[in-house]
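In: using only what follows, build the 3D model:
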Amino acid sequence: MSDNNPTESLAAALRVPRELLRQWWSGLALRERRLIGAAALIVLLALLWWVALAPALRTLQRAPAQLDSAEQQLQLMQRLAAEARELRGVTPVPADQAGNVLKAATARLGGDKARLALQGDRAVLTVAGVSSIALRDWLAEARSGARARTIEANLSRGSTGLTGTVVVGMGPGT
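Out: Sure, this is the predicted structure:
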């Protein structure tokens, strides 16, 4: 045996404890050995359950819901892509007509709650205390009637509704 070989050194170091363990084991009664073996088997089975089986079963249980969610996201993305392709093919609305559509939609939000500023090919809507449903309807009308696309939105929700600005672009370049 060489002192330079770590494997042989480890084997030599483990011989004494292993021999002591064998002596202790052989000194036990048959009933005690069976009880210790059963306890070891229970611990082994518990470890197998916690490390291998339970996580795998959880994954299998969650998989259908995750697949449904992914399928719904895919369908939404496909609808949005189809809508984007459709909008690219739509002819732009003239700037004056788009401005009139946005002004009419803004008037429906309420003069005290919304202000519209037209700036070339962009429009800035400033709202204070507008409901999310009313703003959603305004955006839908801006998109369909004025062919305007949202460029930027900076909104915060307060006790009276949404407050902030929405910038939309009009014309073919937006």
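
In: what's the pLDDT at G173?
Out: Per-residue pLDDT puts G173 at 58.

In: what is the neighbour count of Q66?
Out: By other C-beta atoms under 10 Å, 10 other residues sit near Q66. In short, each C-beta sits where N, CA and C put it, glycine included.

In: same question for A11.
Out: Using other C-beta under 10 Å, the number of residues around A11 comes to 12.

In: that one belongs to a strand, doesn't it?
Out: No. Counting by DSSP: H, G, I helix; E, B strand; the rest coil, A11 is not found in a strand; it is helix.

In: and it, what is it in contact with?
Out: Counting by C-beta atoms under 8 Å, 6 or more residues apart in numbering, A11 touches no other residue.

In: show me where the chain has strands.
Out: In the chain, the strands defined using DSSP state E lie at 114-119, 122-130, 149-158, 161-169.

In: of all these, which lies closest to E71?
Out: Judged by C-beta to C-beta, the one of the strands of the chain that comes nearest to E71 is strand 149-158, at 27.1 Å.

In: could you check the angle strand 161-169 makes with the closest one?
Out: Orientation check (axes from the mean of the first three to the mean of the last three C-alpha atoms, to 10 degrees): strand 149-158 against strand 161-169 gives 170 degrees.

In: list of residues touching strand 149-158?
Out: Strand 149-158 is contacted from outside by 87, 122, 127, 129, 132, 135, 139, 142-143, 162-169, 174, using C-beta under 8 Å, 6+ apart.

In: buried stuff in stretch 144-160?
Out: By 16 or more other C-beta atoms under 10 Å, the buried positions in stretch 144-160 come out as G145, A146, R147, A148.

In: show me the contacts for the closest residue to the first one other than its chain neighbours.
Out: Once its chain neighbours are removed from consideration, G145 has its nearest residue in V101; the separation is 4.0 Å (C-beta to C-beta, 6 or more residues apart in numbering). When the contact criterion is C-beta under 8 Å, 6+ apart, the partners of V101 are V93, E141, A142, G145, A146.
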